[in-house]
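>>> pasting the structure only:
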């Protein structure tokens, strides 16, 4: 299964690279990054979507984030919207990723690591190796909490 990270512009590249890095490091999943805008190059977005028969799409676009809804409305594949969190407008531009028209349902997942985990859980439905890596990832996260609790309770660092 392909994982395609579609960025609304080059300014989203840092976030896209972080998602790709987390996918590879934590779950051994390769991904591709593409750039296309739902507002400025909608035909290119459609070309990208149609060129991947079975894929998980991750969309990264700020401001109005039309990209996530546009991709979701034009594919049967899962779409994970992972927009950047902006300081502008007190972060309220995130609302454009929440309030979608009926019949359009990209999954909103904030932060690069969480977007990678969401992708991995979808891929794990069909790939036992990725499933084991998700289990290991979750075990490590639980261990981090247990260790932090020990440090707080007993002062062992």
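Yep, that arrived. The model shown is predicted, which means the values in this text are computed figures rather than measured ones.
>>> Tell me the helices and strands packed up against the helix or strand of the chain with the lowest mean pLDDT.
When the helices and strands of the chain are compared on mean pLDDT, DSSP states H and E, helix 95-98 comes out lowest with a mean of 84. Secondary structure elements in contact with helix 95-98, counted by 3 or more C-beta pairs under 8 Å, 6 or more residues apart in numbering; DSSP states H and E, are absent; no helix or strand qualifies. Using the backbone N, CA and C atoms, a C-beta is placed for each residue, glycine as well.
>>> what element comes up after that helix heading to the C-terminus?
Of the helices and strands lying after helix 95-98 in sequence (DSSP states H and E), the nearest is strand 107-108.
>>> Ends of stretch 120-128, what's the gap?
As for stretch 120-128, its first-to-last residue distance stands at 11 Å under the measure C-alpha to C-alpha, to the nearest Å.
>>> Pick out the residue closest to the middle of the protein.
Nearest to the centroid of the C-alpha atoms of the chain, with distances taken as C-alpha atoms, centre = their mean, sits residue 115, at 3.3 Å.
>>> Give me the nearest residue to that one, chain neighbours excluded.
If the residues on either side of it in the chain are set aside, residue 115 comes closest to residue 82, at 4.0 Å by C-beta to C-beta, 6 or more residues apart in numbering.
>>> What is the end-to-end distance of stretch 60-68?
One end of stretch 60-68 sits 8 Å from the other (C-alpha to C-alpha).
>>> separation between the closest residue to residue 98 other than its chain neighbours and residue 94?
On the basis of C-beta to C-beta, 6+ apart, the spatially nearest residue to residue 98 that is not a chain neighbour turns out to be residue 108, at 6.2 Å. For residue 108, the distance to residue 94 (C-beta to C-beta, to the nearest Å) stands at 8 Å.
>>> Touching both of those two, which residues are there?
By C-beta atoms under 8 Å, 6 or more residues apart in numbering, residue 108 and residue 94 have these common neighbours: residue 83.
>>> residue boundaries of the strands in this structure?
If you assign secondary structure with DSSP state E, the strands in the chain sit at 2-7, 32-35, 55-60, 79-81, 107-108.
>>> would CSV of these with distance to residue 120 be doable?
Putting the strands of the chain into CSV (distance: least, C-beta to C-beta, whole Å) gives the following:
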stretch, distance to residue 120
strand 2-7, 9
strand 32-35, 16
strand 55-60, 9
strand 79-81, 11
strand 107-108, 13
